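[1] coords please:
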Amino acid sequence: MAESTNASAAAMPSLAELQHWTWVLGRAQQMLLEQGLSTLGAAESALPPIPGLTDPATMGRVRDFWADSVSLWQRMLAPGEAVPAAEESVERTRDKRFKDPRWRADPLFDWIRQSYFLFSDQLLAQVDALQGVDDKQREQMRFATRGFLDAISPSNFPATNPEVLEKTIETGGENLLKGLQNMLADLAKGQVTHTDQTAFELGRNLATTPGKVIHRTDLYELIQYAPATPNVLAVPLVIFPPWINRFYILDLTAEKSFIRWAVEQGITVFMVSWRSADASMKDVVWDDYIAAQIDAIDTVRRVLKVPAVHTIGYCVAGTTLTATLAVLAARGEGDTVKSATFFTAQVDFEKAGELLYFVADDQLELLKTLTPDGFLDGRYMAAVFNQLRGRDLIWNYVTNNYLLGKDYAPFDLLHWNGDTTNLPAQWHMRYLTDLYRDNLLSKAGALSALGTPIDLGLVKTPSYIQAGREDHIAPAESVWALMRLFSGERRFVLAGSGHIAGLVNPPSANKYQYWLNPEPVETLEAFVAGAQETKGSWWPDWVAWLRDQDAAMVPAKGARQPGKGSLKALEDAPGRYVKQR
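    Purely as a prediction, here's the structure:
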């Protein structure tokens, strides 16, 4: 191994040699650039003003790009001249892709890094300057351009990443062989690996809150959790997790589990666990999920002999819950739900963020080709969500696990993120078209379910509406729409962080913060302007609000124990559906 390492080191050019050849190439390009700068003015006056090509603004950007390129070469050829810190934004100085000090200390890699930033700025500026496109098209182009720029970052390639070069020489290339093994394994399973696949197991160190499955249909299982206090709130809680994910995002490790914490607060908790779709579910549609939510509510009411339940709808299940509440209200059964809590749920999709880029006609046509058996493979959805944070969820792993050959670190949240579920194709397509593309849910009577027109204005159920300040999946501005569409009591809380971390934030962690505004306001901007910040988790505020709805307590006996009521236990939590592929 020592001989191999020495041979590899001997084959690599020294820094002095690299700088010499870089000087030769750099001097040649500098001569061309200087000649270009001297003739650019003449070209600008000679050519007709073609928008986006020879107009003054475009020519000015080209001139600036050439001038900045010359400046970079001059700094490269004079490595003793440090780049002033003020020239870089805070975002770039904190860019994790270039955290290795050699990206700045070594003249060659500093030039590579800054050239990449210069090219990125120029390409994005060209997109911003395009004429004849509307704002929506421009944002789509910016999203695609950012994705392209993330992909071509010099940190993603062995020859232009100083850390990878050093590791390759140090290990004799074993890092690349191990990385190739990691990459081939991911290609075989059709999904990027984010965490140690052997570190977690459902029922062992994930989804361990004690409970029983007490009800099962073809679409969902209903789990009842064992009480942890001698007395519990009389009104039970039914949680609807996203039907595009596994429910245990709310029951990760014991320290992070929202379910365990809620049980410890004296709440009788029921959880819906959705079935991952297969060919037998090709005809499942919007109505079926709403009927399932109503069935779960009625089942809990019947088992515990209570008139009403509290509900929680997370993300897309929160979207569905709004329709469920509207159907119940139209039927005169709105009082069967004592309160509704919404975790990062959208109903007005006009400002639904970057996911709107995936509902263009060409994207929808592609989806149709991916669902020949009547269901969409969950790996496609995982890839879409990874693209929203490609730098963190794709290219970071290319560098660390494919190029550097690092071992995967255990992380419960990323284990859940990679545990994909399949979706009924027909329902998924209608969700994208009716809600995301056409925004029909926000329009009274534009959609129906179970034969009932949906009008969210009929919903008078007291509602607790949570949004994440940095949520890139359900932007806070989009979630805010619930405040104007419902007609009952509403409490809005803006949590620090994003779609997951802003929600899975137990009080014991003492992380982040949340904002409340006691004054009635009309817009999110007004809410933020007058909001009061509180450090830590918003969970205690939620449970206090829940108790304000109904503080009555009952002994945790009889039907309050899973399987001791009219429905007997079918099996232990976390149940069967959560483990199905």
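[2] And the pLDDT at Gly378?
    pLDDT, Gly378: 90.
[3] How about the one 5 residues further on?
    Listed pLDDT for Ala383 reads 88.
[4] ok, so what distance separates it from Leu393?
    Per C-beta to C-beta, to the nearest Å, Ala383 is found 10 Å from Leu393. Using the backbone N, CA and C atoms, a C-beta is placed for each residue, glycine as well.
[5] got the residue ranges for the strands in the stretch 301-450 of the chain?
    Counting by DSSP state E, counting those that start in this stretch, the stretch 301-450 of the chain has strands at residues 309-314, 337-343, 375-376, 423-424, 448-449.
[6] neighbouring strands for the fourth one, and are they parallel or not?
    Right, the one you point to is strand 423-424. strand 375-376 (antiparallel) (DSSP bridges).
[7] Could you do the longest one as well?
    Strand 337-343 has the following strand partners under DSSP bridges: strand 309-314 (parallel), strand 463-468 (parallel).
[8] Let me know the next secondary structure element after the last one.
    With elements assigned by DSSP states H and E, the helix or strand that comes after strand 463-468 is helix 476-479.
[9] Give me the residues contacting that following helix.
    342, 344-346, 348-353, 465-469, 471, 494, 524 (C-beta atoms under 8 Å, 6 or more residues apart in numbering).
[10] Leu233 versus Pro555, what's the distance?
    12 Å.
[11] out of Ala383 and Leu393, which sits in the busier spot?
    Leu393 (19 against 16; other C-beta atoms under 10 Å).
[12] measure the more buried one to Gly418 for me?
    As judged by C-beta to C-beta, Leu393 and Gly418 stand 10 Å apart.
[13] any shared contact partners between those two?
    Common contacts of Leu393 and Gly418 (C-beta under 8 Å, 6+ apart): Val192, His194.
[14] Just list the residues touching Trp416, thanks.
    Neighbouring residues of Trp416 by C-beta under 8 Å, 6+ apart: Leu206, Asn245, Arg246, Tyr248, Ile249, Leu252.
[15] now swap in Leu321 and tell me
    So Leu321 contacts Phe240, Gln293, Thr311, Gly313, Ala340, Phe342, Ala345 (C-beta under 8 Å, 6+ apart).
[16] Burial check on the last one, number of neighbours?
    Put plainly, it is Ala345. 28.
[17] Quick check: it touching Ala323?
    No - using C-beta atoms under 8 Å, Ala345 is not in contact with Ala323, being 11.1 Å away.
[18] hang on, the earlier thing: ok, of the contacts of Trp416, which one's closest to Arg560?
    Taking C-beta to C-beta as the measure, Arg560 lies nearest Tyr248 of the contacts of Trp416, at 22.7 Å.
[19] Where does the prediction get shaky in the protein?
    1-87 (pLDDT under 70).
[20] could you redo the last one with a cut-off of 50?
    Counting by pLDDT under 50, the chain has low-confidence residues at 1-11, 25, 28-29, 32-48, 50-55, 58-59, 61-63, 65-66, 69, 82-86.
[21] Which residue lies nearest the spatial centre of this protein?
    Nearest residue to the geometric centre of the chain (C-alpha atoms, centre = their mean): Ile473, 5.3 Å.
[22] In contact with Lys282, which residues?
    Lys282 makes contacts with Asp373, Gly374, Phe375, Pro424, Ala425, Gln426, as judged by C-beta under 8 Å, 6+ apart.
[23] Could you do Leu485 as well?
    Thr322, Val347, Asp348, Ser442, Leu456, Gly457, Val459.
[24] how far away is it from Ala326?
    For Leu485 relative to Ala326 (C-beta to C-beta), the value is 10 Å.
[25] what do those two both touch?
    Common neighbours of Leu485 and Ala326 (C-beta under 8 Å, 6+ apart) are Leu456, Val459.
[26] related to what we said a few turns ago, now the strands paired with strand 337-343 in TSV, with distance to Ala481 and mean neighbour count?
    Listed next are those as TSV, based on distance: least, C-beta to C-beta, whole Å; neighbours: other C-beta atoms under 10 Å:
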stretch	distance to Ala481	mean neighbour count
strand 309-314	15	26
strand 463-468	10	25
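[27] who wins for proximity to Gln580 among those strands?
    Distances from Gln580 to each of those were compared using C-beta to C-beta; the shortest belongs to strand 309-314, at 20.0 Å.
[28] Show me how far the closest one is from its chain's centre.
    Distance of strand 309-314 from its chain centroid, counting by C-alpha atoms, centre = their mean, to the nearest Å, is 22 Å.
[29] try stretch 276-292
    On the basis of C-alpha atoms, centre = their mean, stretch 276-292 sits 24 Å off its chain's mean C-alpha point.
[30] and the end-to-end length of it?
    One end of stretch 276-292 sits 14 Å from the other (C-alpha to C-alpha, to the nearest Å).
[31] Same question for stretch 126-137.
    End-to-end for stretch 126-137, by C-alpha to C-alpha: 14 Å.
[32] got it, and stretch 541-560?
    Criterion C-alpha to C-alpha; first-to-last residue distance in stretch 541-560 is 25 Å.
[33] Please work out which residues outside it touch it.
    Contacts of stretch 541-560 (C-beta under 8 Å, 6+ apart): 227, 229-235, 237, 262, 265-268, 303-305, 310, 338-339, 341, 462, 464, 466, 491, 493, 514, 516, 534, 564-566.
[34] Can you list which of those residues are found in helices?
    Members of those lying in helices (criterion: DSSP state H): Ala262, Val303, Leu304.
[35] thought the first one was touching Thr268?
    No - with contacts defined as C-beta under 8 Å, Ala262 does not count as touching Thr268, sitting 9.4 Å away.
[36] Now do stretch 540-550: distance to the chain's middle.
    Relative to its chain's centre, stretch 540-550 lies at 28 Å (C-alpha atoms, centre = their mean).
[37] before we move on, what about stretch 167-187?
    28 Å.
[38] that older thread, please enumerate the shared neighbours of Ala262 and Thr268.
    Jointly contacting Ala262 and Thr268 under the rule C-beta under 8 Å, 6+ apart are Leu237.
[39] thinking again about what came up before, okay, the strands paired with strand 337-343 in a markdown table with distance to Lys167 next?
    Below are these laid out as a markdown table (distance: least, C-beta to C-beta, whole Å):
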| stretch | distance to Lys167 |
| --- | --- |
| strand 309-314 | 41 |
| strand 463-468 | 36 |
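[40] Ok, which of the ones you listed comes nearest Glu163?
    With C-beta to C-beta, the closest approach to Glu163 among those belongs to strand 463-468: 32.5 Å.
[41] hmm, who's touching that closest one?
    Strand 463-468 is contacted from outside by 339-345, 474, 476, 479-480, 482-483, 486, 488-499, 501-503, 538, 542, 545-546, using C-beta under 8 Å, 6+ apart.
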